[in-house]
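[1] please find the sequence and the predicted model below.
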Amino acid sequence: MSPARPLGPSTGTLDVLTFGEAMVSFRSAGPLQSDAAFTPGLAGAESNVAIALARLGHRTGWVGRLGADPFGELALRELRAEGVDVTGVSSEADAPTGLMFLEQRTADTSRVEYRRAGSAGSRLCPADITSALELRPRILHVTGITPALSQTAHDAWRASLGEALGDDVFVSLDVNYRARLWDRATARDVLRARVGRADVVIASEDELDLVADGAEAEAAEALLSRGASYVVVKRGACGATVWTEGGRIDAPALPVRAIDTVGAGDAFSAGFLSGLLDGLEPGQCLERGVLLGAWAVSTRGDWQGLPRRGELDLLALGAGTTLR
């Protein structure tokens, strides 16, 4: 088991670079079959992370392809407004921006419908990523969603974790399995082939088997032996765990009233990475991840309710607090 590898120095223009498919999400407070109103907004795991980190003062960039349509314009406008570097974004005249329709089916259950087949985002290719990596980010954040989008997106994802990356870039991998995009067997083969390049592996309890065999402790040890410095396990309302060469650290979930759980995992990942960028200890990074996750579930939207750095302590003020 190798010791934790520190983040490289800030030699480039970005703290975190990420890439993938950004979509426009249409949210409904009721079933899709009803006449409930829909609210559009930017959605996408990787862009969620980029925005969450930018709000905390970190320099972030997102790379992807958007359709030359009103939805692509909306997505680009939101990213720019949140301070995310979009110099690596391109526009496709003959492919649409992906769409996502999200219904609040019950108080505790949301359901998603996608319209992303043949989207501009699925045309991501290796050249998009290798060019962006010239910015030399301190962290490259990738997810298991991107390689499932298309063959070219898979090639881009694989290339981003290949030799062109260099040893000085710290890599974060959030498994983020999507059953609508691929089956578990295929995901397992693809993810395991590249997980050895990840310094941080983030997975929910039901995703860990996609990147390593055995019970949690055994899987974490295997990943640490392959080169990971941190193996982070998300447990939702039960908190989270980080495994390092020093052992296991747990953090309980914060008691908040859950309003919207979509985007909570992305917020958690952003919180953990923010802690690493700030030089915090693993347990403190985990606590910041849990804190950002709590912010996400207690506010509406994928990222819209996430805090600025000066607001991080607001959840500790207690229910019913009014700042005057």
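    Thanks, I have the structure now.
[2] for the closest residue to P96 other than its chain neighbours, what are phi and psi?
    The shortest distance from P96 to any non-neighbouring residue, by Cβ to Cβ, 6 or more residues apart in numbering, is to G67 (4.3 Å). All C-beta spots, glycine's among them, are computed from the backbone N, C-alpha and C. Per-residue torsions, G67: phi -70, psi 150 (degrees, to the nearest 10).
[3] residues contacting I51?
    For I51, the contacting residues are 42, 60, 78-79, 82, 84, 303, 306, by Cβ atoms under 8 Å, 6 or more residues apart in numbering.
[4] ignore what I typed, I meant Q304.
    Listed by Cβ under 8 Å, 6+ apart, the contact set of Q304 reads G41.
[5] so it lies in a helix, does it not?
    No. Checked against DSSP: H, G, I helix; E, B strand; the rest coil, Q304 lies outside a helix; its state is coil.
[6] any idea how far it is from V24?
    Relative to V24, Q304 is positioned 14 Å away (Cβ to Cβ, to the nearest Å).
[7] what's the overlap in contacts for those two?
    Among the neighbours of Q304, those also in contact with V24 (Cβ under 8 Å, 6+ apart) are G41.
[8] pretty sure S204 contacts A240?
    No. Assessed by Cβ atoms under 8 Å, S204 is found out of contact with A240, at 9.5 Å.
[9] so for those two, which residue has more residues nearby?
    A240 (25 against 18; other Cβ atoms under 10 Å).
[10] any low-confidence regions in the stretch 151-300 of the chain?
    For the stretch 151-300 of the chain, the stretches flagged by pLDDT under 70 are 163-164, 166.
[11] and the helices in it?
    In the stretch 151-300 of the chain, the segments counted as helices under DSSP state H, counting those that start in this stretch are 151-160, 184-194, 216-225, 264-277, 282-297.
[12] so for C125, which of those sits nearest?
    Closest of these to C125 is helix 151-160, at 4.6 Å (criterion: Cβ to Cβ).
[13] hmm, who's touching the closest one?
    With Cβ under 8 Å, 6+ apart as the test, helix 151-160 has contacts from 19, 21, 121-126, 128-130, 133, 140, 142, 146-148, 190, 193-194.
[14] of these, buried ones?
    19, 21, 121-124, 126, 128-129, 133, 140, 142, 146-148, 190, 194 (16 or more other Cβ atoms under 10 Å).
[15] so which of those residues belong to strands?
    Using DSSP state E, 19, 140, 142 are the members of the buried ones among the contacts of helix 151-160 that sit in strands.
[16] which member of those is positioned nearest G214?
    V142 (23.7 Å).
[17] do I have it right that the closest one meets G162?
    No. Applying Cβ under 8 Å, one finds V142 not in contact with G162, separated by 11.9 Å.
[18] mutual contacts of those two, please.
    Shared contacts of V142 and G162 (Cβ under 8 Å, 6+ apart): none.
[19] so who does L124 touch?
    Residues in contact with L124 (Cβ under 8 Å, 6+ apart) are 19-21, 63-65, 146, 149-150, 152-153, 156.
[20] just the closest of those to V171, please.
    Distance ranking of those against V171, using Cβ to Cβ, places F19 first at 12.6 Å.
[21] the closest one against L133, yeah?
    No. F19 is beyond contact range of L133, at 9.8 Å (criterion: Cβ under 8 Å).
[22] for the protein, what spans make up the strands?
    Ranges of strands in the chain, per DSSP E, are 16-19, 23-28, 38-43, 60-67, 89-92, 99-104, 110-115, 139-143, 170-174, 200-204, 230-234, 240-244, 247-251.
[23] highest average neighbour count across the ones you listed?
    strand 16-19 (a mean of 30; mean count of other Cβ atoms under 10 Å).
[24] what does it contact?
    Residues outside strand 16-19 that contact it (Cβ under 8 Å, 6+ apart): 46-47, 49-50, 53, 58-64, 88, 124, 128-129, 132-133, 135, 137-142, 146, 156, 160, 273, 277.
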